[in-house]
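Student: okay, structure incoming, though there's no sequence with it:
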């Protein structure tokens with residue numbers, strides 16, 4: 001990349017090369033959008049949007065006053081609804097003024113990084129990651145520091161995190177339930193993480209901010225409790241999106257929440273608000289905010305999503321695939337029967353089945369399956385998974 005592109009964009013193009021390659025130079029890129037695909041690659045909907053979602057937007061479409069569609073920041077009614085629901089789910093009193101509404105968790109991450117870091121700071125992220133973490137850190141002018149999870153368990157490696165912290169560390173990004181592994185980090189791990197961060201912050205003379213990406217915190221299986229990383233460390237920001245719970249990723253609605261025990265909250269509110277302005281006015285559109293009090297209680301069918309998880313895990317294991325059963329998120333993570341996960345993904349693509357190569361999420365030797373595929377797609381695709389495995393063997 002050259003010409004008018006800045007050095008930062010050139011750096012980002014290198015960071016995002018596996019993602020860019022998949023979406024621009026793969027069988028998926030060449031066939032995306034064609035009818036009849038078995039598309040397990042991305043967490044996109046494959047059925048019509050929930051009627052409750054559509055109805056909520058329709059009921060707010062007619063303007064109530066002449067400012068109905070004026071520039072919104074975080075509208076009071078929407079903040080109050082989000083704060084009340086979050087307080088009920090977490091058993092902690094989140095205040096409406098501590099909810100800053102954003103264009104989904106993507107914008108929440110960019111805004112939070114802008115507000116709590118300075119250029120040249122180091123930001124730790126956990127690998128395997130959501131594939132935009134490193135790029136967002138670079139875009140904020142910071143230095144990404146990768147820490148791999150514990151092999152086999154996919155749990156946080158607290159010793160590795162402690163070793164990665166330097167005097168320049170200003171933040172750490174943690175995602176639970178984790179995309180792509182599906183693991184919910186257990187309380188003992190999160191308590192240990194909180195101790196590591198508190199001790200390092202005291203040693204360095206500057207607090208380390210925990211950015212807790214909780215996009216899938218309501219996509220939980222088997223009746224498990226969800227433990228937020230923010231409950232174990234005071235200097236935290238909670239980042240959330242409604243795009244997963246509603247399965248409407250194209251309608252960008254989320255928030256940054258300041259936990260009740262966060263210090264210096266008034267100054268941080270101001271910093272986050274300014275960061276929203278300079279990150280392209282990173283507030284959700286007015287219609288989504290007006291609808292949020294209704295949308296807060298709406299969710300896709302988690303019971304049916306769990307059924308699809310159990311169905312596919314059992315079927316793939318019976319075929320001979322090696323995979324664990326995720327505790328949350330939309331995703332399965334089988335091992336690739338070929339060392340080259342990209343090549344195996346292309347083998348599946350030849351059977352009209354599209355998955356995400358593990359290389360894209362820093363996990364070579366695996367591939368990711370999205371459970372947002374509908375039942376008909378799953379049923380029709382399973383023979384192709386079996387045939388591809390037989391060919392690879």
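Tutor: Nice, I can see it. Source: prediction; values computed, not measured.

Student: gap between the spatially closest residue to residue 71 that is not a sequence neighbour and residue 102?
Tutor: Nearest residue to residue 71 in three dimensions, chain neighbours excluded: residue 281, at 7.7 Å (Cβ to Cβ, 6 or more residues apart in numbering). C-beta: built from backbone N, CA, C; applies to glycine. The gap separating residue 281 from residue 102 is 11 Å, by Cβ to Cβ, to the nearest Å.

Student: got it, and residue 123?
Tutor: Counting by Cβ to Cβ, the gap from residue 123 to residue 102 is 18 Å.

Student: for these two, indicate the residue with more neighbours.
Tutor: residue 102 (29 against 26; other Cβ atoms under 10 Å).

Student: helix, strand, or coil at residue 300?
Tutor: coil (DSSP: H, G, I helix; E, B strand; the rest coil).

Student: wait, doesn't it sit right on residue 245?
Tutor: Yes: at 6.7 Å, residue 300 counts as touching residue 245 under the criterion of Cβ atoms under 8 Å.

Student: what packs against the host helix or strand of residue 388?
Tutor: Per DSSP states H and E: residue 388 is located in helix 375-392. Counting contacts by 3 or more Cβ pairs under 8 Å, 6 or more residues apart in numbering; DSSP states H and E, helix 375-392 is packed against strand 38-39, helix 302-319, helix 341-349, strand 353-354.

Student: neighbours of residue 223, how many?
Tutor: Neighbour count for residue 223, taken as other Cβ under 10 Å: 6.

Student: what's the neighbour count on residue 211?
Tutor: Residue 211: 27 surrounding residues under other Cβ under 10 Å.

Student: can you tell me the SS state at it?
Tutor: Under three-state DSSP, residue 211 falls in the strand class.

Student: relative to residue 94, how far out is it?
Tutor: Plainly put, residue 211 is 17 Å away from residue 94 if you go by Cβ to Cβ.

Student: quick one: pLDDT of the closest residue to residue 334 other than its chain neighbours?
Tutor: Nearest non-adjacent residue to residue 334, counting by Cβ to Cβ, 6+ apart: residue 323, 3.9 Å away. pLDDT for residue 323: 97.

Student: quick check: buried residues in the helix or strand hosting residue 126?
Tutor: Residue 126 is located in strand 122-127, with elements delineated by DSSP H and E. Residues 122, 123, 124, 125, 126 are the ones in strand 122-127 that count as buried (16 or more other Cβ atoms under 10 Å).

Student: between these, which is nearest residue 229?
Tutor: Top of the list for closeness to residue 229, among those and by Cβ to Cβ, is residue 126 at 11.0 Å.
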